[in-house]
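Chemist: 3D model of this:
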Amino acid sequence: MGRYIGAIDQGTTSSRFIIFDKGGRVVSVAQKEHEQIFPKAGWVEHDPQEIWQKVRAVIGEAMAAKDLKPSDLAAVGITNQRETTLVWNRKTGEPVYNAIVWQDTRIAPMVAEFAAQGGQDRYRAITGLPLTTYFSGLKLRWILQNVEGARAAAEAGELVFGTIDSFLIWHLTGGVDGGHNVIDVTNASRTQLMDLEKLAWDGDILADFDIPASMLPEIVPSSAVYGEATPNAIRGVPVAGDLGDQQAALFGQACFEPGDAKNTYGTGSFMLLNTGTEPVSSKSGLLTTLGYKIGDAPAVYALEGSIAITGALVQWLRDNLGLFQSSEDIEPLARSVEDNGGTYFVPAFSGLYAPYWRDNARGVIAGLTRFVNKGHIARAALEATAFQVREVVEAMEADSGIALADLRVDGGMVVNELLMQFQADILGKPVVRPVVRETTALGAAYAAGLAVGFFASTDVLVANWAEDRRWSPEMEEDRRSELYRMWKRAVTRTFDWID
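Modeler: Numbering: from 1, shown residues only. Predicted coordinates:
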């Protein structure tokens, strides 16, 4: 068996291949960004063929950088941007349309149409999810209704649906020459088409959405062997782990006990709490989702608080407003002022996700005066992330009855020390960053390693986890309460912006 484990991390803005050793340390990494396509306001797409080409390229680069052969890898896992929806031809491998990204809001009229017939929560008891633009099922329906010839081809059995993991596994294991069309339980739980308890596609919802069952991938565990890789750089290596990115981070943070939680700060931010082998329904605007499933063991569930825009707000200030050259520059700019100057930035660019679920909200900067400068705007943007995370933590504690002792954090924004300190301050709880920050890719590697016996058990993974840095709250309670009160006031200004 090889000495290392590989992980494909296919994210919203880039694809990476990371190779880890048995201790969970990074051995080699390669990364390439892909194009963000915005055909209309609220529409977000990716070119699936570009993503597949970039994935193959980063695999080759990461292997070549350390002169590794396929025999050096014990297995390869995959983690992916979730809810992003793809339909392709099973005979040619050609997508019928671009991938519709999780942030895309084009199906808002469809969401309203279905909600009018039974409320936003009409499918929540079965799927754990409210009706919203976020999930895959109605995006798939949009493709069938709006792409010429797609409906007829789907009904003839020529088309397959999948999320990004399905598309990549299909290609990796042979594509048109016998590629496996699978989706793991975590990604399947984000389609709004799967019965949470049965771990099977729900016939009634498929009928409601008018989706042919023949299109759907096979639902499989998150840690299992799905096939062997065919690209030359990793030919013959078992493809053996598959987790949506946020569940992969839960796995990589070794959150294997009920009550363990992590928060990932990426394009959006996502907090997951392990709730054990029984799904917990939310009364506070959270999602009930799959945490992971290891082989034949019972599935483990989670509560999730999803925030649409966090790191993407930093990118927006950089690319759309030109406030700074590089994302890292936001921290010194935000430190150039003592506080937010009374400014609050609510980035409801795609509506509001947890705990509000308002598709008709839009972004607002509130509290502007002549005193405010770009430093205050930068600081308000960072604080927006921390405020949104506090809202999710409060919802999670209310639903689960568990008070979090501290918050384990990961993702690109955890290098921002100003943000991490403010997060601890506004939560009134310690914030803890692990030594290995690539927890999403690490989770996929761990799942693949467990499937082939490279790791003996999850106990080994728990032992691998180590603390790098801890931020403790330093803010007085009066100040914390006042800032949060004003944030809540700013949030209400975003409601019902779109008629």
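Chemist: What does Ala463 show for phi and psi?
Modeler: For Ala463, the backbone dihedrals (degrees, to the nearest 10) come out as phi -70, psi -30.
Chemist: Give me the pLDDT for it.
Modeler: pLDDT, Ala463: 91.
Chemist: again with the one 5 residues further on
Modeler: Note on Asp468: pLDDT of 92.
Chemist: Return the residues in contact with the residue located most distally from the centre of the chain.
Modeler: Within the chain, Arg370 marks the point farthest from the mean C-alpha position, 38.1 Å out by CA atoms, centre = their mean. Contact analysis of Arg370 by CB atoms under 8 Å, 6 or more residues apart in numbering lists nothing. C-beta here means a position set from N, CA and C on the backbone, and glycine is covered the same way.
Chemist: could you say which helix or strand contains it?
Modeler: Under DSSP states H and E, no helix or strand contains Arg370.
Chemist: Pop out the phi and psi values for it.
Modeler: phi -60, psi -20.
Chemist: same check, this time on Leu313
Modeler: According to degrees, to the nearest 10, Leu313 has phi -70, psi -40.
Chemist: Over to the one 4 residues further on?
Modeler: Backbone torsions of Leu317, given as degrees, to the nearest 10, read phi -60, psi -30.
Chemist: quick one: it and Glu257, what's the gap?
Modeler: For Leu317, the distance to Glu257 equals 38 Å [CB to CB, to the nearest Å].
Chemist: In terms of neighbours, single out the busier of these two.
Modeler: Using other CB atoms under 10 Å, the more surrounded residue of Leu317 and Glu257 is Leu317, with 22 against 11.
Chemist: For the more buried one, which residues are in contact?
Modeler: Leu323, Phe324, Ile330, Ile377, Ala378, Ala381.
Chemist: swap in Ala308?
Modeler: When contacts are counted by CB under 8 Å, 6+ apart, Ala308 touches Gln103, Tyr134, Gly268, Pro347, Ala348, Phe349, Ser350, Gly351, Leu352, Tyr353.
Chemist: Which one among these sits at the bottom for pLDDT?
Modeler: Lowest pLDDT among the contacts of Ala308: Ser350, with 83.
Chemist: That one: neighbouring residues, count only.
Modeler: Residues contacting Ser350 under the criterion other CB under 10 Å number 25.
Chemist: my guess is it meets Ala108, correct?
Modeler: No - between Ser350 and Ala108 there is no contact under CB atoms under 8 Å: 10.0 Å.
Chemist: Return the distance of the residue nearest to Gly342 when sequence neighbours are not counted relative to Trp487.
Modeler: Nearest in space to Gly342, with sequence neighbours left out and distances taken as CB to CB, 6 or more residues apart in numbering, is Gly367 at 4.4 Å. For Gly367, the distance to Trp487 (CB to CB) stands at 10 Å.
Chemist: same thing with Asp210?
Modeler: 41 Å.
Chemist: Name the residue in the two with the higher neighbour count.
Modeler: Trp487 (23 against 12).
Chemist: where does the more buried one land in three-state SS?
Modeler: helix (DSSP: H, G, I helix; E, B strand; the rest coil).
Chemist: And the one 4 residues further on, by the same measure?
Modeler: Secondary structure, three-state DSSP: Val491 is helix.
Chemist: Skipping its backbone neighbours, what lies nearest it in space?
Modeler: Val346 is the one closest to Val491 (CB to CB, 6+ apart), at 5.4 Å.
Chemist: do the same with Thr385
Modeler: Thr310 (4.2 Å).
Chemist: and if you look at Thr105?
Modeler: Spatially, and ignoring its direct neighbours in sequence, Thr105 is nearest to Gly42 (4.0 Å; CB to CB, 6+ apart).
Chemist: got it, and Arg379?
Modeler: Arg379 sits nearest to Ala334 (CB to CB, 6+ apart), 4.0 Å away.
Chemist: Now do the same for that neighbour: its pLDDT.
Modeler: Ala334 is given a pLDDT of 97.
Chemist: Report the contact partners of it.
Modeler: Gly375, Ala378, Arg379, Ala381, Leu382, Leu418.
Chemist: and what of Asp47?
Modeler: His34, Glu35, Ile37, Asn98, Ala99.
Chemist: Out of those residues, grab the one that's most surrounded.
Modeler: Ala99 (27 neighbours).
Chemist: Which pLDDT value does the model give that residue?
Modeler: On the pLDDT scale, Ala99 gets 97.
Chemist: Need the phi and psi values for the nearest residue to it once chain neighbours are set aside.
Modeler: Closest residue in space to Ala99, ignoring its immediate chain neighbours: His46 at 4.4 Å, by CB to CB, 6+ apart. With angles defined as degrees, to the nearest 10, His46 sits at phi -130, psi 150.
Chemist: One more: Ile19?
Modeler: Dihedral angles (degrees, to the nearest 10) for Ile19: phi -110, psi 130.
Chemist: can you tell me how far it sits from Val237?
Modeler: With distances taken as CB to CB, Ile19 is found 11 Å from Val237.
Chemist: pLDDT on the strand or helix carrying Thr275, on average?
Modeler: Using DSSP H and E, Thr275 sits in strand 269-276. Mean pLDDT, strand 269-276: 91.
Chemist: Which positions within that strand qualify as buried?
Modeler: Ser269, Phe270, Met271, Leu272, Leu273, Asn274, Thr275 (16 or more other CB atoms under 10 Å).
Chemist: got these as TSV, with distance to Leu140 columns?
Modeler: Below are the buried residues of strand 269-276 laid out as TSV (distance: CB to CB, whole Å):
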residue	distance to Leu140
Ser269	26
Phe270	22
Met271	27
Leu272	24
Leu273	28
Asn274	29
Thr275	28
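Chemist: ok, of these, which one's closest to Gly119?
Modeler: Of all the buried residues of strand 269-276, Gly119 sits closest to Thr275, with 24.1 Å by CB to CB.
Chemist: how about the nearest residue to that closest one, chain neighbours excluded?
Modeler: Nearest to Thr275 is Tyr301, by CB to CB, 6+ apart, at 5.1 Å.
Chemist: Just the element for that neighbour, please.
Modeler: In this assignment (DSSP H and E), Tyr301 forms part of strand 300-307.
Chemist: Average pLDDT for that strand, rounded please.
Modeler: Per-residue pLDDT over strand 300-307 has a mean of 92.
Chemist: Given it, what are its sheet partners and their directions?
Modeler: Partner strands and pairing direction for strand 300-307 (DSSP bridges) are strand 269-276 (antiparallel), strand 287-292 (antiparallel).
Chemist: quick one: which of those strands is nearest Tyr226?
Modeler: Nearest of the strands paired with strand 300-307 to Tyr226, taken as CB to CB: strand 287-292 at 15.1 Å.
Chemist: Give me the contact list for the closest one.
Modeler: Counting by CB under 8 Å, 6+ apart, 124, 128-130, 185-186, 188-190, 196, 199, 222-223, 243, 247, 250-251, 255, 272, 274-275, 279-282, 299-306, 354, 447 sit against strand 287-292.
Chemist: Just the C-alpha atoms of it, please, in CSV.
Modeler: The C-alpha trace of strand 287-292 is given here as CSV (Å, rounded to 0.1, in the frame of the first residue of the first chain):
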residue,chain,number,x,y,z
LEU,A,287,-30.5,22.6,8.2
THR,A,288,-30.7,19.0,9.2
THR,A,289,-28.1,17.2,7.1
LEU,A,290,-25.9,14.1,6.8
GLY,A,291,-22.5,14.4,8.6
TYR,A,292,-20.9,11.3,7.1
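Chemist: Check which residues of that strand are buried.
Modeler: Neighbour-count burial for strand 287-292 [16+ other CB under 10 Å]: Leu287, Thr288, Thr289, Leu290, Gly291, Tyr292.
Chemist: Before I go, just wanted to say thanks for your time.
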